[in-house]
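Enquirer: got a predicted structure plus its sequence, pasted below:
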Amino acid sequence: MKEDISKTRNIGISAHIDSGKTTLSERILYYGGKIHKIEEVRGGGAGATMDFMELEKEKGITITSAATTVYWNEKKINIIDTPGHVDFTVEVERSLRVLDGAVLILCAVAGVQSQSITVDRQMKRYKVPRVVFINKMDRTGADPFKAVHDLREKLGHNSVAMQIPIGAEDMFKGVVDLIRMKALYNEGPKGEEIVEKEIPTDLLELATEKRNEMLEAVSMFDNQMMEDLLEEKEISEETIHKAVWEGVNSQELTPVYFGSAFKNKSVQPLLDAVCRYLPSPIDAAPMSAVETGGEQNTIELKPDVNKPLVCMAFKITEEQFGQLTYVRIYQGTMKKGVNLYNIRTGKKIRVGRLVRMHSNDRVNIESAGAGDIIAMVGVDCASGDTFCGEDIKVTLESMYVANPVISLAISCSDTSATDRMSKALSRFMKEDPTFKVRTDSESGETIISGMGELHLEIYIERMMREYKVPIEVGPPQVNYRETISRTAPFNYTHKKQTGGSGQYANVVGDIEPLDFDNPDAEDFEFINKVKGGNIPSEYINACAAGFKDVMQKGPQAGFPMVGVRVTLKDGKYHEVDSSDMAFRICSRQAMKDAVQKASAHLLEPIMKVEVETPSEFQGAVISDLSSRRGVIGGTIVRDNITVITVTVPLSEMFGYSTIIRSATQGKATFSMEFDSYGICPRNIQEEVVASRKERENL
């Protein structure tokens, strides 16, 4: 029996670290009948279902995204619980790439935090509609409407409260549904029963006011509803639901819900909203794919089980019995035993086993159709690969992958464990596109790079635990970049005449700086303005490749270059002696010469840091951050807790967790994420360049 795709929802749960994503996921699984006992993230029990790694249970954080499926109101909901720590942001990135909708969680006390902004930017990048859940309404200092205001002011959302809370902090009891104007309470040992009552008298005026605000905002998506409102006619529930659906799916309206996942309150109304307002694969924005070969036309994929199969591998993990590949099916039907083509490699593979995931557990299935998220076992591929059936050849745009900002030198003193270390590093690189490994050409050291100290610390710990490798770790290294500060022309001719055929190429143009501090901006841009066939079109790609070669190693200290636009304006060629190689060599040398004239300088990664500290330590924390070349962006005081936002160079933040703990008696916490690249002060630049030269001379 075929499933009704319109009853499928593919959603992600994303938020700032420690906002309650995994706790909410646990309640969803319980109320959906998937599990029969609620476990907590921290609590000494078996640990939350979606945090299945030992390190996740020990540290109380989500490290890797986990997938599961639950049923609610006859709808199938595929859920991906994603990490909140910015070091594991690729897990959020690749999940949102394949999802149709999302739940953004905010803490009722903290509101919009630094990682909330990052997650929201990722959702916007992939045009993912969302609903918002204001969690932790039971916590001291909970201010739900401040969080709604933050959504508007900090994230630019048209946020609308669909409920109002009944009480707050330790008096939080339930919510008022503003559509039906009923009070909803959770009863039963685990809050499994929703009881509907009349609105408390003292909240009736506020509920009426907030309902009118909600209706006014929602009516913008239904002309008839707007007219009925102006004429003061009664608005039906179905009309409101339809208008909210339109607003959510156009990403112009963000409905907001309140609750406390930890206290088992108001999770079920959120599930109702997910089923009612977030799109099915049929309603979601259509996915486009590009035909391979020929004219490379763009086609629109249809969530139809009868069309040719197209799917995308978005996450891979190595396991005892082979690779586990998480797949989103966009079109067609995947069956066990069918042959698929990996468009990137051109290889044909056979699907031996299909499974539906429930965290770390799996259930064998025979087939899955368009709109579903499942996993293949034993298929060798990379994250982001497109798979197609035999009668279609298209490729899907891969996900955005941020560049690593921090590196560590590692070594293994036990030579017998070297192979195990290599095996572990290969596996981690394959699983995580933001984790990079290279060998330093000067020192011969193995260098691992990632998104932060915790990111690399987790992989080192996994090598020691899972592969029994004794790792020795060197001091952290900053991944500096180089760029240019002004426009410089080039006009270079490459000639070489030996016994056989010669080499001839000439390129003319200029280089200019780009916006290097935008995390989504291109590192390199090539513009071809050659006219009249002065350089034949078959050599243009070779020119672009030659220019790009130079970007790998800058002139100051050999760091990769960013933020450069190359415009090729003219050139010359020879009928006999010109070739791809000649133009590539010519472009490479032209670029090197131009960079020398363009005032190259070093860039350092600047981190956005958010510190939460008791107000009594505010002065000491700000003073310390200022001494680290920090630029204070703002401070907010909430109930004797001060939240400090600051941008600080990464090189100044190593070991900060230990320092802030000792300075605040262990009471302060902080989060840190990459913000942009900034120009290195001259004294720092001289130190870095001298250090690099010293290492080269060792």
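Expert: Thanks, I have it.
Enquirer: the nearest residue to residue 246 once chain neighbours are set aside - how many residues pack around it?
Expert: When the adjacent residues along the chain are set aside, residue 246 lies closest to residue 221, with 4.1 Å between them (Cβ to Cβ, 6 or more residues apart in numbering). Every residue, glycine included, has its C-beta placed from N, CA and C. For residue 221, the count of nearby residues is 19 (other Cβ atoms under 10 Å).
Enquirer: contacting residues around residue 221?
Expert: If a contact means Cβ atoms under 8 Å, 6 or more residues apart in numbering, then residue 221 has 243, 244, 246, 247, 250, 252, 253 as its contacts.
Enquirer: same check on residue 661?
Expert: Counted by Cβ under 8 Å, 6+ apart, residue 661 has contacts residue 668.
Enquirer: double-check that it belongs to a strand.
Expert: No: per DSSP: H, G, I helix; E, B strand; the rest coil, residue 661 lies outside any strand segment and is helix.
Enquirer: how much space separates it from residue 282?
Expert: Here residue 661 is placed at a distance of 51 Å from residue 282 (Cβ to Cβ, to the nearest Å).
Enquirer: so residue 326, which of the three states?
Expert: From three-state DSSP, the assignment for residue 326 is strand.
Enquirer: quick one: residues contacting it.
Expert: When contacts are counted by Cβ under 8 Å, 6+ apart, residue 326 touches 67, 313, 314, 315, 316, 357, 373, 374, 375.
Enquirer: need the longest strand for this protein.
Expert: strand 600-614 (DSSP state E).
Enquirer: need the next SSE after that one, C-terminal direction.
Expert: helix 618-627 (DSSP states H and E).
Enquirer: what's the average pLDDT for that following helix?
Expert: Computed over helix 618-627, the mean pLDDT rounds to 93.
Enquirer: and that helix, how far from the chain's centre?
Expert: Between the mean C-alpha location of helix 618-627 and the chain-wide mean there is a distance of 31 Å, by Cα atoms, centre = their mean, to the nearest Å.
Enquirer: what's that helix in contact with?
Expert: Under the contact criterion Cβ under 8 Å, 6+ apart, helix 618-627 has outside partners 609, 611, 613, 632, 635, 642, 644, 646, 648, 659-660, 663-664, 668.
Enquirer: buried residues in that helix?
Expert: Under the neighbour-count criterion of 16 or more other Cβ atoms under 10 Å, helix 618-627 has 618, 621, 622, 624, 625 buried.
Enquirer: and that helix with strand 600-614, angle?
Expert: Interaxial angle of helix 618-627 relative to strand 600-614 (axes from the mean of the first three to the mean of the last three Cα atoms, to 10 degrees): 170 degrees.
Enquirer: from the contacts of residue 326, which ones fall inside strands?
Expert: Among those, the ones falling in strands (DSSP E) are 67, 313, 314, 315, 316, 357, 373, 374, 375.
Enquirer: how about the residues you listed in a markdown table, adding pLDDT, distance to residue 439 and neighbour count?
Expert: What follows is the ones in strands among the contacts of residue 326, written out as a markdown table (pLDDT from 0 to 100; distance: Cβ to Cβ, whole Å; neighbours: other Cβ atoms under 10 Å):
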| residue | pLDDT | distance to residue 439 | neighbour count |
| --- | --- | --- | --- |
| 67 | 82 | 35 | 22 |
| 313 | 89 | 28 | 24 |
| 314 | 86 | 29 | 25 |
| 315 | 85 | 27 | 26 |
| 316 | 84 | 24 | 25 |
| 357 | 84 | 35 | 19 |
| 373 | 90 | 37 | 25 |
| 374 | 91 | 37 | 24 |
| 375 | 90 | 33 | 23 |
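Enquirer: with distance to residue 105 added, can I get these in JSON lines?
Expert: Conversion of those to JSON lines gives the following (distance: Cβ to Cβ, whole Å):
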{"residue": "67", "distance to residue 105": "18"}
{"residue": "313", "distance to residue 105": "27"}
{"residue": "314", "distance to residue 105": "22"}
{"residue": "315", "distance to residue 105": "21"}
{"residue": "316", "distance to residue 105": "27"}
{"residue": "357", "distance to residue 105": "22"}
{"residue": "373", "distance to residue 105": "20"}
{"residue": "374", "distance to residue 105": "26"}
{"residue": "375", "distance to residue 105": "25"}
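Enquirer: tell me, how many residues neighbour the residue nearest to residue 513 when sequence neighbours are not counted?
Expert: Nearest residue to residue 513, sequence neighbours excluded (Cβ to Cβ, 6+ apart): residue 484, at 5.1 Å. The burial count assigned to residue 484 is 26, neighbours taken as other Cβ under 10 Å.
Enquirer: could you do residue 252 as well?
Expert: 13.
Enquirer: now residue 361
Expert: A count of neighbours around residue 361, defined by other Cβ under 10 Å, yields 11.
Enquirer: just residue 121 next, same as before
Expert: A count of neighbours around residue 121, defined by other Cβ under 10 Å, yields 12.
Enquirer: that one and residue 253: what is the separation?
Expert: Using Cβ to Cβ, residue 121 is found at 19 Å from residue 253.
Enquirer: dump the residue contacts of the nearest residue to residue 385 once chain neighbours are set aside.
Expert: Here the nearest residue to residue 385 in space, its sequence neighbours aside, is residue 313; by Cβ to Cβ, 6+ apart that works out to 4.7 Å. Contacts for residue 313 (Cβ under 8 Å, 6+ apart) come out as 325, 326, 327, 376, 379, 381, 382, 383, 384, 385, 386, 387.
Enquirer: residue 313 pairs with what?
Expert: When bridges are assigned using DSSP bridges, the partners listed for residue 313 are residue 327.
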